[in-house]
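*Asks:* below is the sequence, then the predicted model.
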Amino acid sequence: MNPLLNEDVEISIAGVRQLHEISLKKYKVDLSIYALTSFKRRLVRFIETNDLINFDVLLKRIDKDEKLFANLLTSLSVEVTEFFRDPALWRYFRDDIIPALSRNHDSIKIWIPGCSTGEEVASTAIVLKEAGVLDRSEIIATDVTDDIINSVKTKIYPPAKYEISEANYKRYMPESDGDFGKYVFNDKNGFKIPESLFKNVNCLKFDYSDELKIRGINVIICRNNFIYYTAQFQEKLLELFSSKLAFNGYLIIGNKESITWCKDMAKYTAVNENEKVYRKTSPY
């Protein structure tokens, strides 16, 4: 870390607005969608890890350095996650959601926005394979930068993630003392997900400012993303999801998140309160 770095990085409201202006004018990216408190916290972390000394230096660099801005976007989007995080949710997905969709649909389309480093994408593919429906399913994984999407495409994860992944999988599959290892193989940089699990995964860059030309989604898995956005953007995001989700499709959010106050939640019925799973019961 740079020894010249200020011990306490100060970021004013005026400074945040200036960053918003640079981002929108120069890169056509709206950073005002992020809730202020967590946004400032992530900015401080970015300044520290990139040896930028203070916020003013960040502003000057961002205005001229497109790569640095892309790195900032990546840091704002990438969230720490795990394979089979919250195993109870994945059991519900396996035991309730997939059977319901399989009975009523020839194919299953799943969208994972904010896919981060891809653990939830791979977890979804594993559950679909175990249910025997992977071949007739499509997983659309999106995030805001090429760096994130390219990372997901590598399907490589550091060794440190294996232990928690294996523990989560065993909790998800306690009846058979689940073996997570059968779904991965060793790589020089850690462990890797086989290509066969990703054959129906489509990874796309999407930052919510463009039109995503997909419809008839059966499941949207957007866990622990809403909490980082302003209330105004949460409303907008839910409206987007509603427009993409098919009638009787499922929306899954983080189990610590709450969006019940959003107007579009009138279109949904809670089917699992603990795991925050909702079914769209409005045809519109």
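*Replies:* Yep, it's here. Residues are numbered from 1 along each chain as shown.
*Asks:* and for the longest strand along the chain, what's in contact with it?
*Replies:* In the chain, taking DSSP state E as the definition, the longest strand is strand 245-253. Strand 245-253 is contacted by residues 89, 93, 97, 104, 215-226, 241, 259, 268, 271, 275-283 when judged by CB atoms under 8 Å, 6 or more residues apart in numbering. Where you see a C-beta, it was placed from the backbone N, CA and C, and this is true even at glycine.
*Asks:* weed out the non-buried ones from those residues.
*Replies:* Buried members of the contacts of strand 245-253, scored by 16 or more other CB atoms under 10 Å, are 89, 93, 97, 217-226, 241, 259, 268, 271, 275-280.
*Asks:* Ser116 belongs to a helix?
*Replies:* No: counting by DSSP: H, G, I helix; E, B strand; the rest coil, one finds Ser116 to be coil, located in no helix.
*Asks:* skipping adjacent residues, who's closest to Asn189 in space?
*Replies:* Ranked by CB to CB, 6 or more residues apart in numbering and with sequence neighbours excluded, the top spatial neighbour of Asn189 is Ile156, at 5.4 Å.
*Asks:* show me where this structure has its helices.
*Replies:* Applying DSSP state H to the chain gives helices spanning 13-27, 36-49, 55-62, 66-77, 87-92, 98-104, 119-130, 146-154, 162-172, 231-244.
*Asks:* make a markdown table out of these and add distance to Lys205 and mean pLDDT.
*Replies:* Converted to a markdown table, those look like this (distance: least, CB to CB, whole Å; pLDDT from 0 to 100):
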| stretch | distance to Lys205 | mean pLDDT |
| --- | --- | --- |
| helix 13-27 | 14 | 96 |
| helix 36-49 | 20 | 95 |
| helix 55-62 | 20 | 96 |
| helix 66-77 | 11 | 95 |
| helix 87-92 | 26 | 98 |
| helix 98-104 | 27 | 96 |
| helix 119-130 | 15 | 98 |
| helix 146-154 | 5 | 95 |
| helix 162-172 | 26 | 96 |
| helix 231-244 | 16 | 97 |
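*Asks:* out of the ones you listed, which one sits most buried?
*Replies:* Mean neighbour count, computed with mean count of other CB atoms under 10 Å, is highest for helix 119-130 among the helices of the chain, reaching a mean of 22.
*Asks:* now do that one against helix 162-172, angle only.
*Replies:* Orientation note: helix 119-130 sits at an angle of 40 degrees relative to helix 162-172 (axes from the mean of the first three to the mean of the last three CA atoms, to 10 degrees).
*Asks:* send me helix 119-130 as CSV with only the CA atoms.
*Replies:* Provided in CSV are the C-alpha atoms of helix 119-130 (Å, rounded to 0.1, in the frame of the first residue of the first chain):
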residue,chain,number,x,y,z
GLU,A,119,-20.4,-19.3,-8.3
GLU,A,120,-24.2,-19.0,-8.5
VAL,A,121,-24.1,-19.7,-12.2
ALA,A,122,-22.2,-22.9,-11.6
SER,A,123,-24.4,-23.8,-8.7
THR,A,124,-27.5,-23.4,-10.8
ALA,A,125,-26.0,-25.5,-13.6
ILE,A,126,-25.2,-28.3,-11.1
VAL,A,127,-28.7,-28.4,-9.7
LEU,A,128,-30.2,-28.4,-13.2
LYS,A,129,-27.9,-31.3,-14.1
GLU,A,130,-28.9,-33.3,-11.0
